[in-house]
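Colleague: need coordinates for the following:
(one chain, ligands or ions: 1)
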Amino acid sequence: MALRLDTQPYWGETAFPSYSKLDANVRADVAVVGGGITGLTTAFLLAEAGRTVVLLERGRCASIDTGHTSAHVTMVTDARLNELVDRFGRAHAQAVWDAGFAAIAEIERLIIENDLDAQFDWVDGFLHASLGNKDDADELDALKQDASLAREFGFDAEFVEAAPLVGLPGVRFGSQARLHPRAYLAGLARAFAGRGGRIFEHSEASEFCDDPMSIKVNGHTISCADIVIATHNPVVGLDNFFSATMSQTRLALYTSYVVAGRVPKGAIGDALWWDTADPYRYLRVEPHRDFDVVIYGGEDHKTGQVEHTDTCYRNLEARVKKLLPPIELTHRWSGQVIETPDGLPYIGRVAERQYSATGFAGNGMTFGTLSGIMIADAIAGRKNPWAELFDPGRVAVTRGLWDYVKENADYPFYLVRDRLTAPDTYSLRSIRRGEGKIIERDGAKVAASRDDRGKLVMRSATCTHMGCIVKWNSAEQTWDCPCHGSRFTPGGRVISGPAESPLAEVEE
Ligand code: FES
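Modeller: Below you'll find the model as predicted:
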């Protein structure tokens with residue numbers, strides 16, 4: 001098959017519902033500007049929380065940045081974990097990755113609860129050395145350090161001598177994901193409309209007013225209590241409204257290039273890959289029934305600073321053909337990523353009752369979804385664990401002491417986090433006398449401990465209060481719940497509440 005010369009994203013062939021232009025004055029609790037992943041997620045979550053919401057898109061939904069993503073759904077940030085720890089301290093580094101992980105879990109929840117056909121699946125992600133640095137001792141140390149830090153923060157991660165496909169040393173991160181971004185957002189748009197949400201396409205916000213709060217669109221007025229700017233680059237066309245915070249942030253815009261093509265079914269595993277080159281290259285698979293599509297990207301440069309951009313495509317094509325000789329290239333396109341000076345996104349309130357989100361770097365799917373969660377929390381008056389960390393008005397994230405997990409144990413994400421992350425062990429044999437570990441059995445977490453005589457006792461690890469996963473207290477030889485402090489004997493009996501019922505029995 002000949003390579004298409006036009007630059008169309010692979011996702012573009014998937015239908016998206018169309019919506020009419022705004023042609024009358026409307027009133028809503030919240031007006032969301034931008035119909036990509038940030039806008040649609042925010043709009044849906046607010047509608048789910050009982051708000052009336054209007055979403056405005058100046059062109060077609062899911063066609064600009066979200067339409068040009070490669071849709072790696074991951075909490076692995078462009079800034080390496082060891083760099084985040086160096087820059088911001090351990091608690092903040094964990095918080096950044098937790099936030100991304102919470103976003104993946106939220107995407108899965110939205111898909112399941114709304115029955116969306118988004119081709120979502122949990123897959124492994126491999127961060128691996130590039131050919132140029134594979135023998136560099138510092139690089140290998142950094143990879144090992146990333147693996148052990150991730151593991152320490154509760155993520156499923158391990159150093160591997162040879163990552164699949166590339167055969168280079170790297171880190172395997174479990175519980176990453178991939179989806180079809182346009183199919184996902186088409187489903188989310190329908191689910192939003194099903195909850196009474198209104199979407200207007202070809203409806204550009206031309207004027208904003210904060211007293212009374214309103215937006216002019218197509219000569220009509222939207223009156224609302226809160227405004228969310230979800231346009232990826234929040235400065236474009238809106239500098240009179242949002243300049244106070246955003247113009248000082250020195251957002252850096254980069255262009256990233258992607259090629260895609262067919263390979264025989266099963267030619268490579270279903271996973272995500274990134275290398276540690278600068279700029280880095282990324283690869284993922286989009287499975288079909290009779291073949292797979294491989295999506296390969298990289299060659300990032302500051303937007304507008306490379307004249308012969310065709311070379312970027314040619315470099316990618318040459319590399320992916322070397323890696324996967326049978327590939328038949330069918331698509332190529334480019335997208336834009338926005339970086340911030342400290343490497344963390346800006347998400348949250350930019351002025352009284354005005355919110356925005358940008359600076360997602362290579363994590364558009366996860367940070368876009370996270371923005372929806374955080375802005376919906378802010379408007380609904382809910383406390384959010386990451387509000388200060390990603391505050392658009394932050395001056396600097398300090399390395400100070402902060403018991404981040406303890407302070408946020410009540411947040412819904414922490415009620416499910418441990419269910420999604422790595423078990424302590426995969427083998428009952430590794431549990432010694434007087435020790436307890438969380439193991440996984442048929443996808444469920446089990447609290448397994450061995451008494452002083454070597455007898456193994458197993459109970460469900462799910463706390464009977466509100467469903468957190470218990471942790472072994474080695475000094476007391478008890479199972480303690482990190483969320484609200486319930487405690488249980490190794491056999492599951494309640495020592496202290498709020499839980500009232502014992503840990504459930506499991507088949508031994
Ligand atoms: Fe509340 Fe365990 S979930 S104490």
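
Colleague: point out where this structure drops to low pLDDT.
Modeller: Counting by pLDDT under 70, the chain shows low-confidence ranges at 1-6, 66-67, 234-250, 304, 399-401, 419-427, 508.

Colleague: quick one, phi/psi of the residue lying farthest from the centre of it?
Modeller: No residue in the chain sits farther from the centre than Arg453, which is 45.0 Å out by CA atoms, centre = their mean. Phi and psi for Arg453, reported as degrees, to the nearest 10, are phi -90, psi 0.

Colleague: secondary structure element holding the nearest residue to it once chain neighbours are set aside?
Modeller: Leaving out its chain neighbours, the residue that sits closest to Arg453 by CB to CB, 6 or more residues apart in numbering is Arg433, at 7.5 Å. All C-beta spots, glycine's among them, are computed from the backbone N, C-alpha and C. Under the criterion DSSP states H and E, no helix or strand holds Arg433.

Colleague: ok, Arg433 touching Gly454?
Modeller: Yes. With contact defined as CB atoms under 8 Å, Arg433 counts as touching Gly454 (5.6 Å).

Colleague: so what's the residue nearest to Arg453 up against?
Modeller: Shown in contact with Arg433 (CB atoms under 8 Å, 6 or more residues apart in numbering): Arg450, Asp451, Asp452, Arg453, Gly454.

Colleague: so the residue nearest in space to the middle of the chain, which of the three states?
Modeller: Central residue of the chain (CA atoms, centre = their mean): Thr366, 2.1 Å from the mean position. Per DSSP: H, G, I helix; E, B strand; the rest coil, the secondary structure class of Thr366 is helix.

Colleague: again, but for the one 10 residues further on
Modeller: For Ala376, the secondary structure call by three-state DSSP comes out as helix.

Colleague: can you check Val123 too?
Modeller: Classification of Val123 using three-state DSSP returns strand.

Colleague: mind listing the residues bridging to it?
Modeller: Gln176 (DSSP bridges).

Colleague: pretty sure it contacts Ala271?
Modeller: Yes. Using CB under 8 Å, Val123 is in contact with Ala271, at 5.0 Å.

Colleague: mind listing what's buried in the longest helix seen in the chain?
Modeller: Secondary structure of the chain per DSSP state H: the longest helix is helix 90-114. By neighbour count on 16 or more other CB atoms under 10 Å, the buried set for helix 90-114 is 90-108, 110-111, 114.

Colleague: now do it: distance to the chain's middle.
Modeller: 6 Å (CA atoms, centre = their mean, to the nearest Å).

Colleague: repeat for stretch 296-305
Modeller: Worked out by CA atoms, centre = their mean, stretch 296-305 lies 22 Å from the chain centre.

Colleague: need the residues that contact that stretch.
Modeller: Counting by CB under 8 Å, 6+ apart, residues outside stretch 296-305 touching it are 70, 252-260, 277, 279-283, 312-313, 315-316, 319-320, 323, 336-337.

Colleague: sticking with the one residue in the stretch 201-350 of the chain that gets nearest to the ligand, tell me its helix or strand.
Modeller: Nearest residue of the stretch 201-350 of the chain to the ligand: Ile347, at 27.5 Å (CB to the nearest ligand atom). For Ile347, the element it lies in under DSSP H and E is strand 346-351.

Colleague: what pairs with that strand, parallel or antiparallel?
Modeller: strand 354-358 (antiparallel).

Colleague: contact partners of the partner strand?
Modeller: Taking CB under 8 Å, 6+ apart as the rule, strand 354-358 contacts 38, 210, 226-230, 232-234, 241-242, 245-246, 251, 338, 340, 345-350, 367-368, 371, 374-375, 378-379, 392.

Colleague: in the stretch 401-508 of the chain, which spans are strands?
Modeller: Under the criterion DSSP state E, counting those that start in this stretch, strands of the stretch 401-508 of the chain are mapped to 436-441, 444-450, 456-460, 471-473, 478-480, 487-488, 494-496.

Colleague: as a markdown table, those strands with mean neighbour count and distance to Gln305 would be great.
Modeller: Shown next, in a markdown table, are the strands of the stretch 401-508 of the chain (neighbours: other CB atoms under 10 Å; distance: least, CB to CB, whole Å):
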| stretch | mean neighbour count | distance to Gln305 |
| --- | --- | --- |
| strand 436-441 | 18 | 48 |
| strand 444-450 | 21 | 49 |
| strand 456-460 | 18 | 56 |
| strand 471-473 | 17 | 50 |
| strand 478-480 | 20 | 54 |
| strand 487-488 | 22 | 59 |
| strand 494-496 | 14 | 62 |
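
Colleague: ok, which of the ones you listed comes nearest Val26?
Modeller: Among those, the nearest to Val26 by CB to CB is strand 444-450 (47.0 Å).

Colleague: what about the residue in the stretch 301-450 of the chain positioned nearest to the ligand, how many neighbours?
Modeller: Residue of the stretch 301-450 of the chain nearest the ligand, by CB to the nearest ligand atom: Leu415 (6.8 Å). Leu415 has 17 neighbours, counted by other CB atoms under 10 Å.

Colleague: near the ligand, which residues of this structure?
Modeller: Within the chain, the positions near the ligand by CB under 6 Å from any ligand atom are Cys463, His465, Met466, Gly467, Cys468, Cys481, Cys483, His484, Gly485, Ser486, Pro498, Ala499.

Colleague: my guess is the fifth one contacts Tyr411, does it?
Modeller: No. At 11.2 Å, Cys468 and Tyr411 do not qualify as touching, with contact defined as CB under 8 Å.

Colleague: ok, the two, which is more surrounded?
Modeller: The residue with more neighbours, out of Cys468 and Tyr411, is Cys468; 23 against 19, by other CB under 10 Å.

Colleague: burial count for Gly187?
Modeller: Gly187 has 20 nearby residues by other CB under 10 Å.

Colleague: also His72?
Modeller: His72, neighbours per other CB under 10 Å, totals 25.
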